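Chemist: Generate a structure from the sequence data that follows.
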Amino acid sequence: MIPRPSGVFSPGGYVLDIASAGVTVSADSPAGVFYAQQTLRQLPDSFVGRIEDGPRFAWRGVMLDVARHFMPVPDVLRFLDLMAIHKLNVLHLHLTDDQGWRLEVPGWPRLTSVGAWRPRSMRGSRQHGLYDDTPHGGCYTAADLRRLVAYASSLFISIVPEVDMPGHMQAALAAYPALGSASASSSSAAASSSGGASPSFAGEVMTAWGVSPFALTLTSSTMDFVRAVLTQVCDIFPSPLIGIGGDEVSADISAVVAFAAEVLASHGRRVYAWDDILTAGAPADAVIAAWRGTLPAVAATRAGHQVVSCPDMSCYLDYRQSDDPAEPTPVGTRLTLDDLYAFDPVPPGADPALILGAQANIWTEHMENARRVDYMAFPRLCAFAEKVWSPPGGNSPDFHRRLADHLPRLDALGVNYRPLSGPRPSDARPDAPGNPRTHADREAELAEMTAPLRKRFPL
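Modeler: The predicted structure follows:
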């Protein structure tokens, strides 16, 4: 049997012995038996022989953003099925953001009656300033989320929820304005225009893409709010890790992060957060999602943190798939199928023993339904799944040969994957223009974003 890698979540190796008389499965866990079954589904009927297989990484994940565009329960269930077929085992469910709050919390009803709905949505990249006039929203009940957790568990998938704080909170502040004020990035200008005090938020759920300048401020009321939210999350989700975000806010986040960590510890849970929290000082046992290039993964492991690698230019599935102008709402740097297949979750200089694995991130500003998610996720997610399961290296031509055999399975499952030949005319979105970026421009941005991190962790 294949030994298990160490990590937060337990994957499973297996051995398949296939003969004309039958099939024998040996596995190190029930998960191993399940993965053996997935392999059997992909083998030709004529196959005879032995397969010894097991995952390279314990964390083989996908982050699905249901805050920017709500995804109904049946669509999430279907997405879990697609993950399981590809032996992916962690769904990082991004439940809240400036543009929507998707989680019911007892005692805080306006989070969903107000925060789950926005009057309109931006169409295309934000610099174009285009909007539709269609209200958008939705939320999950506790029963909905428990259903997702139970179904995921049957597929040996763990759901790691995220409630982003202290930034990305405008949807919550639209419901309860007293919880926050302008963050440090805008507080100086706001204070000068308001006689010295940073103003509380007074507005609606954010309709533009991007990051709100308003964030939680740690007061007694906010502490009650954070405690209520995280208690509800812990009650619903059995995951040992709970996501608290901590990204893209220039206010001093350490107080909020430290308090959230205390609440989670009281429930026997640990913080999972974006690498932004490293600069302010992350809780010692926090697991870091390293997204701003490869530097944060190296810094985090050198500081003793476990890491999930998800650098944006290698793992962000909202990024455009080619230079073809017919790509729907082309944003970010180009991330082709082969680019993703070349990804290694362990960057040079990082401690491999602290890399739990990796995740592909699906931000849904430009994916308003499951069909759009399919197009952006597949077949790139097939390449990603192989990179987190198989030993390092791999042969791209061989992957393409095997992918050609796999695509008919996606056809049979009704997956609207991007054709290998490129986008179809119907895939283009001239009404929702994008913002293609070069790698050089993005690398310059990342260098500026991580400058405080380099100062704190000289490498």
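
Chemist: starting at the chain centroid, how far to stretch 155-174?
Modeler: 10 Å (C-alpha atoms, centre = their mean, to the nearest Å).

Chemist: Stretch 200-216 now?
Modeler: Offset of stretch 200-216 from its chain centre (C-alpha atoms, centre = their mean): 21 Å.

Chemist: What residues of that stretch count as buried?
Modeler: 200-201, 205-209, 211-216 (16 or more other C-beta atoms under 10 Å). Where you see a C-beta, it was placed from the backbone N, CA and C, and this is true even at glycine.

Chemist: any chance of those residues in TSV, with pLDDT too?
Modeler: Listed next are the buried residues of stretch 200-216 as TSV, based on pLDDT from 0 to 100:
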residue	pLDDT
Ser200	71
Phe201	81
Val205	98
Met206	98
Thr207	98
Ala208	97
Trp209	98
Val211	95
Ser212	94
Pro213	92
Phe214	93
Ala215	93
Leu216	93
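
Chemist: Among the residues you listed, which lie within helices?
Modeler: Among the buried residues of stretch 200-216, no member is found in helices (DSSP state H).

Chemist: Would you point out the most distant pair within the residues you listed?
Modeler: Farthest apart among the buried residues of stretch 200-216 by C-beta to C-beta are Ser200 and Trp209. That separation is 23.4 Å.

Chemist: To what extent is Pro392 buried, counted in neighbours?
Modeler: 10 (other C-beta atoms under 10 Å).

Chemist: Nearest residue to it in space, please, no chain neighbours.
Modeler: Of all residues not flanking Pro392 in the chain, Asp344 sits nearest, at 6.0 Å (C-beta to C-beta, 6 or more residues apart in numbering).

Chemist: how close does the one you found get to Ser309?
Modeler: 8 Å (C-beta to C-beta, to the nearest Å).

Chemist: Any idea how many residues pack against the residue nearest to Pro392?
Modeler: Close neighbours of Asp344, defined as other C-beta under 10 Å, add up to 15.

Chemist: repeat for Asp247
Modeler: Using other C-beta under 10 Å, Asp247 is surrounded by 18 other residues.

Chemist: looking at it, it is touching His168, isn't it?
Modeler: Yes: with contact defined as C-beta atoms under 8 Å, Asp247 reaches His168; the gap is 7.3 Å.

Chemist: hey, where'd the helices end up in the stretch 251-400 of the chain?
Modeler: Using DSSP state H, counting those that start in this stretch, the helices of the stretch 251-400 of the chain run over 254-266, 277-280, 295-302, 312-315, 337-341, 370-377, 380-389, 396-412.

Chemist: buried stuff in the third one?
Modeler: Right, helix 295-302. Quick answer for helix 295-302 (16+ other C-beta under 10 Å): 295-301.

Chemist: which residue packs closest to Ala342, ignoring adjacent ones?
Modeler: Ser396 (7.6 Å).

Chemist: actually Val298, not the one I typed
Modeler: Gly349 (4.3 Å).

Chemist: wait, doesn't that neighbour sit right on Ala299?
Modeler: No: at 9.2 Å, Gly349 does not count as touching Ala299 under the criterion of C-beta under 8 Å.

Chemist: Please name the residues that touch the residue most central in space within the chain.
Modeler: The centroid of the chain falls nearest to Met63 when counting by C-alpha atoms, centre = their mean (2.2 Å). By C-beta atoms under 8 Å, 6 or more residues apart in numbering, Met63 lies in contact with 92-94, 162, 289, 310, 359-362.

Chemist: could you measure it against Pro109, distance?
Modeler: Distance from Met63 to Pro109, counting by C-beta to C-beta: 28 Å.

Chemist: and the strand or helix carrying Glu162, which strands flank it?
Modeler: Using DSSP states H and E, Glu162 sits in strand 158-165. As defined by DSSP bridges, the strand partners of strand 158-165 come to strand 90-94 (parallel), strand 241-245 (parallel).

Chemist: For that strand, which outside residues touch it?
Modeler: Taking C-beta under 8 Å, 6+ apart as the rule, strand 158-165 contacts 9, 61, 63, 89-97, 103, 145, 148-149, 152, 216, 226, 229-230, 233, 236-237, 239, 241-247, 256, 260, 272.

Chemist: Comparing the helices of the stretch 251-400 of the chain, which yields the minimum mean pLDDT?
Modeler: Looking at these, the lowest mean pLDDT belongs to helix 277-280 (a mean of 91).

Chemist: looking just at contacts, which helices and strands does it meet?
Modeler: Here helix 277-280 touches helix 254-266, helix 295-302, helix 451-456, going by 3 or more C-beta pairs under 8 Å, 6 or more residues apart in numbering; DSSP states H and E.
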